[in-house]
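>>> Coordinates for the following, if possible.
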Amino acid sequence: MTIGGSLAGGIDTCQWRYNYYNAPDGEFKILYKIDREIFKKLVKITKKNYKKYMYDRNGATGAGLIQRVRVARKLKYKLADILMFSIYYLNTKDSIQLQTQHFKTPQSVLSRHIIYGLLLLKKTLKHHDESRIAWPSKDEIKSLARLFSRKFPSLDGYNIWAFVDGVKLPLLEPFDEEVQNAYYTTFKRAHVINNVLVFDTQG
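Numbering: from 1, shown residues only. Below you'll find the predicted structure:
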């Protein structure tokens, strides 16, 4: 993957659009940390909120981005572009400058659409059964424990039904010093949100 030094041609000629339509499935997953078919499904289920919460230029700081609007504002970017802006931002170690080259989108525009994409994802995944985070029932826990025991016989009798993993999601550096201090980690030398997730055999 090569990243040029110019934004000429815009997003229609960027590396992302080429990869979306032409890159092999394996390469796509490596580059964007998401399976292409899962991403397409995500785009499909997000369309409802995409129409309901149109992009508001006056809400660039986050104050008005999810206000319901009566007059639809035509977006320059496709829904797939906006969602990938946010997913790529969450998964990549590239600086925002390199991200602008990858998508051939000015930094200020990219930043606003990343915020918009994150809000769309929040609105969509919160009510999507396959994406929501929920604690299983007692019967489900017993069933999951049996699956673990079947896969790992040495764990039989310990009633293990899931495993715990932590992940640090990067943030843009906050302007407020107190907020900076709250989210800064010396281990990663970055501003992050610490998350601890529990995964069962079904994901």
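
>>> And the helices in this structure?
Listed in chain order, the helices of the chain (DSSP state H) span 15-22, 25-32, 36-52, 79-91, 96-103, 107-125, 138-151, 177-183.

>>> Same list, those helices, but as a markdown table with mean neighbour count and mean pLDDT please.
In this view, the C-beta of every residue, glycine as well, is placed from N, C-alpha and C. Below are the helices of the chain laid out as a markdown table (neighbours: other Cβ atoms under 10 Å; pLDDT from 0 to 100):
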| stretch | mean neighbour count | mean pLDDT |
| --- | --- | --- |
| helix 15-22 | 15 | 90 |
| helix 25-32 | 14 | 90 |
| helix 36-52 | 15 | 85 |
| helix 79-91 | 20 | 90 |
| helix 96-103 | 17 | 88 |
| helix 107-125 | 19 | 86 |
| helix 138-151 | 14 | 85 |
| helix 177-183 | 11 | 79 |
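
>>> Gly157 is nearest to which of these?
Nearest of these to Gly157, taken as Cβ to Cβ: helix 138-151 at 7.9 Å.

>>> ok, now which ones touch the residue of the chain most remote from its centre?
Centroid-distance maximum for the chain: Gly157 at 37.4 Å, with Cα atoms, centre = their mean. By Cβ atoms under 8 Å, 6 or more residues apart in numbering, the contact set of Gly157 is Ser149.

>>> next one: phi and psi at it?
phi 100, psi -10 (degrees, to the nearest 10).

>>> Relative to the longest strand seen in the chain, what are the paired strands and their orientations?
Secondary structure of the chain per DSSP state E: the longest strand is strand 190-200. Strand 190-200 sits in its sheet next to strand 162-170 (antiparallel), strand 184-185 (antiparallel), going by DSSP bridges.
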